[in-house]
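Visitor: got a sequence here, can you model it:
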Amino acid sequence: MLTTRYVTGAPNWLDLGTPDIEGATTFYGGLFGWEFQPGPPEAGGYGFFQLAGRTAAGGMQTTPEQGPPSWTVYFQTPDADATAKAAEQAHGAVLMQPMDVMGQGRMAILADKAGVPFGIWQPGRNKGLDVTQEPGSLCWVELYTADLPMAAYFYRAALGLETYGVEFPGGTYTTLLPDGQSEDGMFGGIVPLADDPLEAQAGAYWMPYFEVTDTDETVAKAQELGGSVRLPGTDVPGVGRIAKLADPYGARFAVIKSAPQQT
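Guide: Below is the predicted model of the structure:
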């Protein structure tokens, strides 16, 4: 599971690129209770979505030249430069070279072998998100890709991630966890596009899941706020009730009311 006790390889940040930060603030504020806190002038418009005073995500207004509206997931690294080199050696790409961010940390934007963008964050003063797993915050990430073995190889080489197969009726779900962690460290999964017709239409990408208190109420609220429903509320035995949504500008994400943990 995701926690704020971040370890190497685990997601520790995510941010939204949107053509309308005010409109996005209205949408996610109504959906998750977030408030947008602008960063300092030198941040170039970047700011923080906060949940009861704790940072749940970052975000900024972007142009079409910077890419379509989307969420970017960042993974923790002790050395952004070394991770960028490892990604290149594993046949990925560096989309944005490692750079210092006002003493807060060091970041880069990379792409895996299939071209899927993701970020890396080397913590400085900013250790990562302040809240995860709670309603209105990040709780899981999922990679959709055409080639699962290739993705598993790449993220092992670049981030040191391990894969672990979880059996379920009808198949196996490939989960991700940091190197050396137990099964409790699982924070996401890899889904072959061939197994998900909906995502096959969207193509390969990383999708964040946010915890909610009621999936169907969240779906209805998203529609009310101008978002769209890609997958209505669906029960996943032993996991919870999920739905896949897009905000009014097309950024895709999922929500889940997680099933109670079995002891």
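
Visitor: so where's the stretch 1-150 of the chain uncertain?
Guide: Counting by pLDDT under 70, the stretch 1-150 of the chain contains no low-confidence segment.

Visitor: from Gly105, how far off is the closest residue to Asp79 other than its chain neighbours?
Guide: In space, and not counting its chain neighbours, Asp79 is closest to Gln122: 6.5 Å by CB to CB, 6 or more residues apart in numbering. Glycine gets a C-beta too; all of them are placed from N, C-alpha and C. With the distance defined as CB to CB, to the nearest Å, Gln122 ends up 5 Å from Gly105.

Visitor: repeat that for Ala86.
Guide: Distance of Ala86 to Gly105, computed by CB to CB: 18 Å.

Visitor: which one is Ala90 nearest to, not counting chain neighbours?
Guide: Using CB to CB, 6+ apart and skipping the chain neighbours, the partner closest in space to Ala90 is Ala157 (3.9 Å).

Visitor: remind me which helix or strand that neighbour belongs to.
Guide: helix 148-159 (DSSP states H and E).

Visitor: may I have that helix as PDB, with CA atoms only?
Guide: Coordinates of each C-alpha in helix 148-159 appear next as PDB, following Å, rounded to 0.1, in the frame of the first residue of the first chain:
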ATOM      1  CA  LEU A 148       3.900  -6.300 -19.800                       C
ATOM      2  CA  PRO A 149       7.300  -8.200 -19.700                       C
ATOM      3  CA  MET A 150       9.000  -5.300 -21.400                       C
ATOM      4  CA  ALA A 151       7.500  -2.800 -18.900                       C
ATOM      5  CA  ALA A 152       8.500  -5.100 -15.900                       C
ATOM      6  CA  TYR A 153      12.000  -5.200 -17.300                       C
ATOM      7  CA  PHE A 154      12.200  -1.400 -17.800                       C
ATOM      8  CA  TYR A 155      10.900  -0.400 -14.300                       C
ATOM      9  CA  ARG A 156      13.100  -3.000 -12.700                       C
ATOM     10  CA  ALA A 157      16.200  -1.600 -14.400                       C
ATOM     11  CA  ALA A 158      15.200   2.100 -14.000                       C
ATOM     12  CA  LEU A 159      13.600   2.200 -10.600                       C
END
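
Visitor: which element is encountered next along the chain beyond that helix?
Guide: According to DSSP H and E, the helix or strand after helix 148-159 is strand 161-168.

Visitor: partner strands of that next one, with direction?
Guide: strand 171-178 (antiparallel) (DSSP bridges).

Visitor: so the partner strand versus helix 148-159, what angle?
Guide: With axes from the mean of the first three to the mean of the last three CA atoms, to 10 degrees applied, the angle from strand 171-178 to helix 148-159 works out at 10 degrees.
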